[in-house]
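1. okay, predicted coordinates and the sequence, questions at the end:
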Amino acid sequence: MSGEKFEVADDFLTIGRTFAEYRRMFDLGVEDLAGREILDCGGGAGAFTATAAELADRVVAVDPLYGPPPDALESDLDAAIEYNVAQLREKRDLFVWDVYGDVDTRGRYLRAAAERFLADYATHPDRYVAGGLPDLPLGDDSVDLALVANLLFVYDDRLDREFHAAALRELARVARDAVRVFPLHSLDRTRSGYVDPVVDSLRADGHAVSLREVPYEFQPGATEMLVIEP
Ligand SMILES: C[S@@+](CC[C@H](N)C(=O)[O-])C[C@H]1O[C@@H](n2cnc3c(N)ncnc32)[C@H](O)[C@@H]1O
């Protein structure tokens, strides 16, 4: 982490997923959301917070990206989507297309998520908190469920093992019931080498940790989420 509290958003792809994708990535049922307090950590330009807020008691997204006015974010988000779609077109054979069907549909998901995010970010700025792992601006046990999608393990080339251990301990500090992390594969398309040592250290700290299959696959073989029950 080169001594910084959190990486600047520019080092990461600032796209976001829809609520439908989050439901599959985290195998979420209505019972996981209704009346609950939820954190989307590294929420990016995602629609989860906006949509889950219709069911949940409170949803907060934390990301170093947040803070600037919506207009100032829009062109960067568009550029990130175009970049991601172009990359997928080039590398389409490296992914599993059961969920999206084709690259254009995946592009539509990304645009729908960004549009919903920007509208909600403008109307409910209180839901979007600037900050980042490993020091979250939230109190102990302040949410029921914390979700982390497409951040930890994915970027294990720039976030080291100590960062992962500290980040997961921090998430376990703020979540009362569970932390869920998906996927466990890194950008090199294999399961991150940090998963096993980090699971061992969380267990040594006394946390219950399990790996669960989810009904979502985009990177081949990346169908497991990490569940920590603090
Ligand atoms: C690839 S995006 C994933 C967004 C969303 N979770 C999803 O699955 O679509 C990764 C996000 O992590 C954010 N991020 C980068 N460093 C972070 C940190 N230290 N703590 C929290 N979020 C961070 C980035 O700004 C970016 O929005």
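-> Yep, it's here.

2. what's the local residue count around residue 188?
-> Residues contacting residue 188 under the criterion other C-beta atoms under 10 Å number 10. (Each C-beta comes from the backbone N, C-alpha and C, glycine too.)

3. could you do residue 175 as well?
-> Neighbour count of residue 175, defined by other C-beta under 10 Å: 26.

4. which element, helix or strand, includes residue 211?
-> Element membership of residue 211, judged by DSSP states H and E, is strand 208-213.

5. in that strand, what counts as buried?
-> Of the residues in strand 208-213, residue 209 count as buried by neighbour count, 16 or more other C-beta atoms under 10 Å.

6. report the backbone C-alpha coordinates of it in CSV.
-> Once non-C-alpha atoms are left out, strand 208-213 reads as follows in CSV (Å, rounded to 0.1, in the frame of the first residue of the first chain):
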residue,chain,number,x,y,z
ALA,A,208,-15.9,-18.1,11.8
VAL,A,209,-14.9,-18.2,8.2
SER,A,210,-16.4,-20.2,5.4
LEU,A,211,-16.4,-20.4,1.6
ARG,A,212,-19.7,-20.6,-0.2
GLU,A,213,-20.7,-21.3,-3.9
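
7. what's the offset of that strand from the middle of its chain?
-> 17 Å (C-alpha atoms, centre = their mean, to the nearest Å).

8. ok, now stretch 207-223?
-> On C-alpha atoms, centre = their mean, the centre of stretch 207-223 falls 14 Å from the chain's centre.

9. what about it, how long is it end to end?
-> Terminal residues of stretch 207-223 are spaced 22 Å apart (C-alpha to C-alpha, to the nearest Å).

10. gap between the spatially most central residue of the chain and residue 115?
-> In the chain, the C-alpha nearest the mean C-alpha coordinate belongs to residue 149, at 2.2 Å (C-alpha atoms, centre = their mean). The spacing between residue 149 and residue 115, counted by C-beta to C-beta, to the nearest Å, is 18 Å.

11. surely residue 61 touches residue 129?
-> Yes: assessed by C-beta atoms under 8 Å, residue 61 is found in contact with residue 129 at 7.1 Å.

12. any idea what sits nearest residue 33, other than its immediate chain neighbours?
-> residue 55 (4.6 Å; C-beta to C-beta, 6 or more residues apart in numbering).

13. looks like that neighbour contacts residue 29 (just checking).
-> No: applying C-beta under 8 Å as the test, residue 55 and residue 29 come out as separate, 10.7 Å apart.

14. out of the two, which sits in the busier spot?
-> Higher neighbour count among residue 55 and residue 29: residue 55, with 16 against 9, using other C-beta under 10 Å.

15. pLDDT score for that one?
-> The model reports residue 55 with a pLDDT of 97.

16. list the contacts for residue 156?
-> Residue 156 makes contacts with 164, 186-187, 192-194, as judged by C-beta atoms under 8 Å, 6 or more residues apart in numbering.

17. let's go with 7 Å and repeat that
-> Contacts of residue 156 were listed using C-beta atoms under 7 Å, 6 or more residues apart in numbering, and they are 186, 192, 194.

18. with residue 34 instead?
-> Contacts of residue 34 by C-beta under 7 Å, 6+ apart are residue 55.

19. ok, back up a step: could the contacts of residue 156 be laid out in a markdown table, adding pLDDT?
-> Shown next, in a markdown table, are the contacts of residue 156 (pLDDT from 0 to 100):
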| residue | pLDDT |
| --- | --- |
| 186 | 95 |
| 192 | 98 |
| 194 | 98 |
